[in-house]
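# Got a predicted structure plus its sequence, pasted below:
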Amino acid sequence: MIYVDADACPVKAEAEAVAVRHKTELKHVCNGGLRPSDNPLVEVVYVADGPDEADKWIAERAGPGDVVVTGDIPLAAKCVEAGAHVIKHNGDALTQANIGQALATRDLMTDLRAADPFRQGGGKAFSKSDRARFRDGLERAIRAATA
């Protein structure tokens with residue numbers, strides 16, 4: 001099973017394409033606003049409005065043999081702890097070996113933003129190469145999850 005934290009996820013279409021190629025069920029989990037897919041392998045799961053409701057839903061279900069796609073580091077940590085394979089939108093894997101550092105970096109950046117309210121995000125646009133790296137990362141994660 002592939003779980004996608006679908007609110008603000010830039011790679012939903014790529015995740016669906018890879019899931020179909022592997023004949024793997026995929027669940028887009030969101031608070032709303034996504035159209036259902038015609039594909040029988042793909043389900044859109046609508047959770048209640050509220051912060052972290054999609055994260056809670058995914059964390060309660062993800063485990064060994066599953067792949068989770070998320071940019072949310074606390075959700076990723078819960079899923080890694082539960083034995084799921086986790087990848088970010090750029091295709092980077094989050095594992096037992098690197099999740100602690102990812103959490104620490106997230107906390108540091110949160111503190112820096114709180115200390116300087118004028119600090120603005122300056123992330124670069126999501127590119128074709130980012131999408132390609134994601135597809136490659138998801139392929140690796142699916143193979144590892146089903147091995």
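Yep, that arrived.
# Show me where this protein has its helices.
Counting by DSSP state H, the segments of the chain that form helices are 12-21, 53-61, 73-81, 99-115, 128-145.
# Figure out which of these is closest to Cys30.
helix 53-61 (5.8 Å; Cβ to Cβ). All C-beta spots, glycine's among them, are computed from the backbone N, C-alpha and C.
# hmm, back to that, comparing the helices of the chain by mean pLDDT, which bottoms out?
Here the helices of the chain differ in mean pLDDT, and the lowest is helix 99-115 at a mean of 71.
# Tell me which residues touch the residue most central in space within the chain, please.
Nearest residue to the geometric centre of the chain (Cα atoms, centre = their mean): Thr70, 1.6 Å. Going by Cβ atoms under 8 Å, 6 or more residues apart in numbering, Thr70 touches Val4, Asp5, Cys9, Asp55, Ile58, Ala76, Cys79, Val86, Lys88.
# Among those, which one is most surrounded by other residues?
Ala76 (30 neighbours; other Cβ atoms under 10 Å).
# roughly how far apart are that one and Thr70?
Going from Ala76 to Thr70 by Cβ to Cβ, to the nearest Å gives 6 Å.
# shared neighbours of the two, anything?
With Cβ under 8 Å, 6+ apart, Ala76 and Thr70 have common neighbours Val86, Lys88.
# sorry, back to before: state the distance from the residue nearest to the centre of the chain to Ile87.
8 Å.
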